[in-house]
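> I'll drop the sequence and a predicted model, then ask my questions.
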Amino acid sequence: MECGLSPIVGFRFSLYPMADDFVSVIKGALEKTDTSNVWMHTDDVSTVIRGKQIHVFNVAKAIALHAAKTGKHIALSGTFSAGCPGDTAGDVYLNRSEEIANTDATTQYVSSQFALYPMNNPEYMEIIYREVNRAKEQGVFNESMHYASGIHGDIHEVFAFYEKAFSNARSEEHKHLVMTVSMSINSPTHGGL
Ligand SMILES: Cc1ncc(C[n+]2csc(CCO)c2C)c(N)n1
């Protein structure tokens, strides 16, 4: 499929609540979030949201935060993509204003791992190192590991880092970017902030 020029950003993700009532945690997180600024579709495996970058990251964070507020141990795994829309569904959401819809500032510790894939960019390793260094400067870097980098801290700082990294790793010349994230929230393994 041809890569288009649409500035649309997408995020396909799944929530895995470690709880018997996982259905209500998933559905509750999706329903409590104001998703009016993104195109959203849920199926039996995952949910996809598409729209302006600012809204996609705002909605992704809000869904994670709503799930986290249940107090249950939540795993979230997903892929952000831009520059290769494939289809035009959701393009209508690109005319939304920049005003974000979800503003809950509740503190919540998140431990996560991410990987950047700057498509068709011969400088991809420099781009990845640059963003990992920014994570260190911003105090959200956790650890190095094979195939990903660990990012942790308050959910608002972690998502702010991810949104910046996603912007920084794209360019006019190299529009197509993929970023994977996996998060663990309320895990008994971490001590918290
Ligand atoms: C964000 C997100 N979207 C969809 C699923 C798939 N899924 C698994 S259980 C369930 C509820 C019952 O219909 C759904 C929709 C997921 N895990 N996380």
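Cool, the structure landed.

> next, the residue of the chain found nearest the ligand: phi, psi?
Here the residue of the chain nearest the ligand is Thr47; by C-beta to the nearest ligand atom that distance is 3.6 Å. In short, each C-beta sits where N, CA and C put it, glycine included. Thr47 adopts backbone torsions of phi -130, psi 140, taken as degrees, to the nearest 10.

> again with the one 10 residues further on
As for Phe57, its main-chain torsions (degrees, to the nearest 10) stand at phi -70, psi -40.

> again, but for Glu157
phi -70, psi -40.

> so it versus Leu116, what's the distance?
As judged by C-beta to C-beta, to the nearest Å, Glu157 and Leu116 stand 18 Å apart.

> same check on Val25?
29 Å.

> tell me where this structure has strands.
9-17, 39-42, 47-51, 74-82, 109-118, 141-145, 148-154, 177-185 (DSSP state E).

> need these in TSV (columns: mean pLDDT).
Output for the strands of the chain, formatted as TSV (pLDDT from 0 to 100):
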stretch	mean pLDDT
strand 9-17	97
strand 39-42	96
strand 47-51	96
strand 74-82	97
strand 109-118	98
strand 141-145	97
strand 148-154	98
strand 177-185	98
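
> redo those strands as CSV? Include mean neighbour count.
CSV is the format used below for the strands of the chain (neighbours: other C-beta atoms under 10 Å):
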stretch, mean neighbour count
strand 9-17, 21
strand 39-42, 16
strand 47-51, 24
strand 74-82, 21
strand 109-118, 21
strand 141-145, 13
strand 148-154, 20
strand 177-185, 22
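
> Leu94: which of those strands is closest?
Among these, the nearest to Leu94 by C-beta to C-beta is strand 47-51 (6.8 Å).

> Provide the strand pairings for the closest one, with the direction of each partner.
Take DSSP bridges as the rule and strand 47-51 pairs in its sheet with strand 9-17 (antiparallel), strand 39-42 (antiparallel).

> closest to Gln138 out of those?
Taking those one by one with C-beta to C-beta, strand 9-17 is closest: 21.0 Å.

> other residues contacting that closest one?
The contact list for strand 9-17 (C-beta atoms under 8 Å, 6 or more residues apart in numbering) reads 22, 25-26, 29, 45-53, 56-57, 60, 63-64, 67, 70, 72-82, 85, 90, 166.
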